[in-house]
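Engineer: okay, sequence plus prediction incoming.
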Amino acid sequence: MGKLNIDQLTPSKSLIDLTGFSTNSLDSTLIGYDLENVLDDIVLAELIDVGVMGNEIIRNGLVIPINAEAKAWRIGRVALCGKGCVLVKQGDLVCFPNNMGINISKLSVVDYGEIEHGQFLNEHRIFGIVKPRKPNNDNNTVKSSSRSKK
């Protein structure tokens, strides 16, 4: 059996498939409108890993230009999710591939506020719910794995 490629998967659930859109071509705003809801299994995630200039990703203090890695993993906070979403809820921090949705900027969302940088994507394109790692204050101690070797 050959290797499977996630880019070749087609949605099995969503009525609205965002995978066919270019992530760069629709980076715009809804001028004169505030977004109130999203439909189906669409999620609007506010990107929380964006650098000061807006065109870089911050990872553990490192600055990575977005154009250097088109398929970079992104971290976002769920601002809105459609009624078809079953796994994520507003406020969740999620990780997803940068190239699987539609980028937005300066989008005003009812009861949330303005999103400077964000992305629309299908819920099934989200790979996980994440939480920030607590800093380790004792940098000299090496933690042993809690997993047992069998």
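Structural biologist: Good, I have the coordinates. Here the structure is a predicted model, which is why all the values come from computation and not from measurement.
Engineer: helices and strands of this structure: which one has the lowest mean pLDDT?
Structural biologist: strand 62-65 (a mean of 83; mean pLDDT, DSSP states H and E).
Engineer: who does that strand pair up with?
Structural biologist: Using DSSP bridges, the strands paired with strand 62-65 in its sheet are strand 56-59 (antiparallel).
Engineer: how about the secondary structure of residue 67?
Structural biologist: For residue 67, the assignment made with DSSP: H, G, I helix; E, B strand; the rest coil gives helix.
Engineer: so it touches residue 57, yeah?
Structural biologist: No - look at residue 67 against residue 57 with C-beta atoms under 8 Å: they stay out of range, at 10.5 Å. C-beta coordinates here come from the backbone N, C-alpha and C atoms, glycine included.
Engineer: show me which of the two is the more surrounded one.
Structural biologist: The neighbour count for residue 67 versus residue 57, taken as other C-beta atoms under 10 Å, is higher for residue 57 (20 against 9).
Engineer: surely the more buried one touches residue 66?
Structural biologist: Yes - with contact defined as C-beta under 8 Å, residue 57 counts as touching residue 66 (6.0 Å).
Engineer: shared neighbours of the two, anything?
Structural biologist: Counting by C-beta atoms under 8 Å, 6 or more residues apart in numbering, the shared contacts of residue 57 and residue 66 are residue 72.
Engineer: the strands in the chain, which residues?
Structural biologist: Secondary structure of the chain (DSSP state E): strands located at 42-47, 56-59, 62-65, 73-81, 93-97, 102-109, 113-122, 128-130.
Engineer: could you identify which of the ones you listed is most buried?
Structural biologist: Most buried of these, by mean neighbour count (mean count of other C-beta atoms under 10 Å): strand 42-47, with a mean of 25.
Engineer: what's the angle between it and strand 113-122?
Structural biologist: Counting by axes from the mean of the first three to the mean of the last three C-alpha atoms, to 10 degrees, strand 42-47 lies at 130 degrees to strand 113-122.
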